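# Kindly return the folded structure for what I paste below:
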Amino acid sequence: DYDIVAFVNNTARSLSPDSVMYTASTLPIAPTTAPSSLRAAAMNATSITVTWSTVPLLQLNGRLLGYNIMYYTPTSATVSVNSTTTRVILTGLQFATQYTILVGAISTGGIGITGFPFTASTLQDTPPAPTVAFASTSTSITATLTVVRGNFHIDKYCADFSRTLVSGVAQSSPAVRVCSITSMVVLSGIQEDATYSVTEFVNNTAGSSGPVSSAATTKTQYAVPSGPPQAFSVSGITMTTFDLSWQVVLLLDRNGPIQTYQIMYGKNVTASGLTTTITGLLPNRTYSVSIAAIGATNQTGPATSLVVQTLEAIPDPPLLASSPGKRNVTVTVTSSSLNWTVSMFCAGIAAVPVSGQSWTMPAQFTPRQDCSSNAVKMFDNLEEYTDYTVFAYAINTVGGAGGNTSRVVRTQQDRPSSAPQGLALRTTTSITASSIPLRWMPPLPINLNGIITTYMLNVMATFPIRTTFTVLVPQPMTLTVLTDVRIRPYTDYRISVAASTSVGIGPYSAPPLSVKTSEAAPVKAPVIMSSMYVTSTSLRLTWAALAQSDLNGVLAQYTISYTDGNTRAEVT
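This is a model prediction of the structure:
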């Protein structure tokens, strides 16, 4: 607060009387100095006491209202509380946690500056005595400690193991203490079937040990058998079974009573005796079979093993593929299964007539068979366009022959290998000057080599002119009247016939059939070469003879026709 009076000086430096006194106050501002002598001490696991000294009056810059305290951890938000005294207890804190603390004075001008931050940590509670659960082997004891969680961090779990006699009296040897950072404390390298008295306690990270639990007892187990069964052997092998036998584990390797035996062959089975039969196997498989003894701990000891090969199955009928040619058939045999191993593929062939043709194979054809490791077989020197039955089967490595697979396959067509038979003139129709009636029979069935589509007539004129032409006769006709425009009267012909399939024309018949067409009138008139007066009632005429090819027969006579000039009558 300030008291203010005013006065005035003139130029002669005379002072005027003072004015009435006026009182005024400056506005407050926040304290400019932090509280000093800060102290902090943990009271327990969840509270800290903080004390400090007040700010000097001149640095308060206003009237003191109280103090503001702020605290936080590296992972938490800042918490702010106020106090009207220079001491505060922070509560509800996390145990064993470091807190950063700041204190500032509060005046009518606001919250002042804080000093340098300082830290304090909460305490930990002492852990309670743990409970324990045991698990043992023949050479170790595992104690699993359980502690009710509280305001503490566990540094380590500890257990004291003391060997006891059968009577329960502790031996004179000192206890063995084992500590672990996990809740599982393991004492290893100890004797089988031994009893131990165990007590436990827990240390927190502040170095405080909790109370020791009451003693509990536990026992190591029998040891796992250290040797395999003896004289392991196999007999009675079939496609799906075999018999196993063995002798007991050596006495020194049993490490307790043998409960049972475990046999492993891709599956696991157990046997209480010294023999067993393994069933439900697959043929032609290699099995690695091992056996191990299971001791009183229900743990399996070392195994001994052997290899067993089941017998092969009889092969199933194989897959059969065929590829026919004109005079051969290629057969491919496929037989695959894990149940057998093929040593040979066998394929054979037997002929049957083409359906609808009434003939049989020549007597010299003998069914054939080929057995070898080659899966591809070729049968050649066959007849064209003939149905054959091909068959195949597989033989395994022990000589077992499987079932047959068969199918009918037809060789491809070829041109006929012989000419039609019996080419002759038809007896029911006569030869004319422009037609020749013919008949014939197809080639022998064995020489057809396919389906006859047409017949070809080869016609050769030999007299009086020479020419050759062919005439197509559709199948199934085996008779025809040859009326081609090229057939001439009174002409010698040599005719042969051939059969044709879709592949081509077969040979023509031999010897050719010789025929002569009937006579016909000459196709031309003689040309009068000259006429000469002889008498008053006669003329002498000469003319050129017709060529043989124009006569169309044997010349019998000439006929002369003339017209009388007086009577106009025609005279022959």
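# Now do the phi/psi pair for Leu251.
phi -60, psi -40 (degrees, to the nearest 10).
# mind checking how far it is from Glu312?
Plainly put, Leu251 is 42 Å away from Glu312 if you go by C-beta to C-beta, to the nearest Å. In short, each C-beta sits where N, CA and C put it, glycine included.
# These two - which one has more neighbours?
Ranked by neighbour count (other C-beta atoms under 10 Å), Leu251 and Glu312 place Glu312 first, with 21 against 7.
# Name the SS class of the more buried one, please.
With DSSP: H, G, I helix; E, B strand; the rest coil as the basis, Glu312 sits in coil.
# Tally up the residues packed near Pro35, please.
Considering only other C-beta under 10 Å, Pro35 is surrounded by 22 other residues.
# Do I have it right that it meets Ser53?
Yes - here Pro35 reaches Ser53: they are 6.0 Å apart, a contact under C-beta atoms under 8 Å.
# shared neighbours of these two, anything?
Shared contacts of Pro35 and Ser53 (C-beta atoms under 8 Å, 6 or more residues apart in numbering): Thr86.
# Could you give the separation between the terminal residues of stretch 35-47?
21 Å (C-alpha to C-alpha, to the nearest Å).
# Okay, buried residues for it please.
Pro35, Leu38, Ala40, Ala42, Ala45, Thr46 (16 or more other C-beta atoms under 10 Å).
# One more: stretch 431-441?
Neighbour-count burial for stretch 431-441 [16+ other C-beta under 10 Å]: Ile431, Ala433, Ser434, Ser435, Ile436, Pro437, Leu438, Arg439, Trp440.
# ok so, going back, and the buried residues of stretch 35-47, which two are the farthest apart?
Farthest pair in those (C-beta to C-beta) is Pro35 and Ala45. Separation: 26.9 Å.
# Tell me the secondary structure at Asp253.
On the three-state scheme (three-state DSSP), Asp253 is labelled helix.
# contacting residues around the nearest residue to it once chain neighbours are set aside?
Nearest residue to Asp253 in three dimensions, chain neighbours excluded: Gly227, at 2.9 Å (C-beta to C-beta, 6 or more residues apart in numbering). By C-beta under 8 Å, 6+ apart, Gly227 lies in contact with Val249, Leu250, Leu252, Asp253, Arg254, Ala293, Gly301, Pro302.
# got it, and Thr32?
With C-beta under 8 Å, 6+ apart, Thr32 has these contacts: Gln59, Asn61, Gly112, Ile113.
# one step back: any idea which of the contacts of Gly227 is closest to Thr260?
The closest of the contacts of Gly227, once distances to Thr260 are taken by C-beta to C-beta, is Ala293, at 8.0 Å.
# Verify the contact between that closest one and Ile258 for me.
Yes - at 5.0 Å, Ala293 and Ile258 qualify as touching, with contact defined as C-beta under 8 Å.
# of those two, who's got more company?
Ala293 (27 against 17).
# Dihedrals phi and psi, Ser549?
According to degrees, to the nearest 10, Ser549 has phi -70, psi -20.
# which of the contacts of Thr32 tops the neighbour count?
Greatest neighbour count in the contacts of Thr32, by other C-beta under 10 Å, goes to Gly112: 25 neighbours.
# Now do the same contact list for that residue.
Ala30, Pro31, Thr32, Thr33, Ala34, Val55, Gln59, Leu60, Asn61, Gly104, Ala105, Ile106.
# cutoff 7 Å now
Contacts for Gly112 (C-beta atoms under 7 Å, 6 or more residues apart in numbering) come out as Ala30, Pro31, Thr32, Thr33, Ala34, Val55, Gly104, Ala105.
# Pipe those residues into a markdown table and attach pLDDT per row.
Formatted as a markdown table, the contacts of Gly112 follow (pLDDT from 0 to 100):
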| residue | pLDDT |
| --- | --- |
| Ala30 | 88 |
| Pro31 | 90 |
| Thr32 | 89 |
| Thr33 | 91 |
| Ala34 | 91 |
| Val55 | 90 |
| Gly104 | 92 |
| Ala105 | 93 |
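# Of those residues, just the buried ones, ChimeraX syntax please.
Selecting the buried subset of the contacts of Gly112 in ChimeraX, with 16+ other C-beta under 10 Å as the burial test, is done by:
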select :30,31,33,34,55,104,105
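# Which of the residues in the lowest-mean-pLDDT helix or strand in the chain are classified as buried?
Using mean pLDDT, DSSP states H and E, strand 22-24 stands out as the lowest-scoring helix or strand of the chain, at a mean of 81. Across strand 22-24, burial judged by 16+ other C-beta under 10 Å covers no residue at all.
# Next SSE downstream of that strand?
Where DSSP states H and E defines the elements, the next helix or strand beyond strand 22-24 is strand 36-42.
# residues making contact with the helix or strand following that following strand?
Using DSSP H and E, the next helix or strand after strand 36-42 towards the C-terminus is strand 48-53. Contact partners of strand 48-53, identified using C-beta under 7 Å, 6+ apart, comprise 35-43, 69, 86-90, 93, 99, 101, 103, 120, 122.
# now the angle between strand 36-42 and strand 48-53, please.
Interaxial angle, strand 48-53 versus strand 36-42 (axes from the mean of the first three to the mean of the last three C-alpha atoms, to 10 degrees): 170 degrees.
# and Asp160, what does it touch?
For Asp160, the contact set (C-beta under 7 Å, 6+ apart) comprises Ala175, Arg177, Val198, Thr199.
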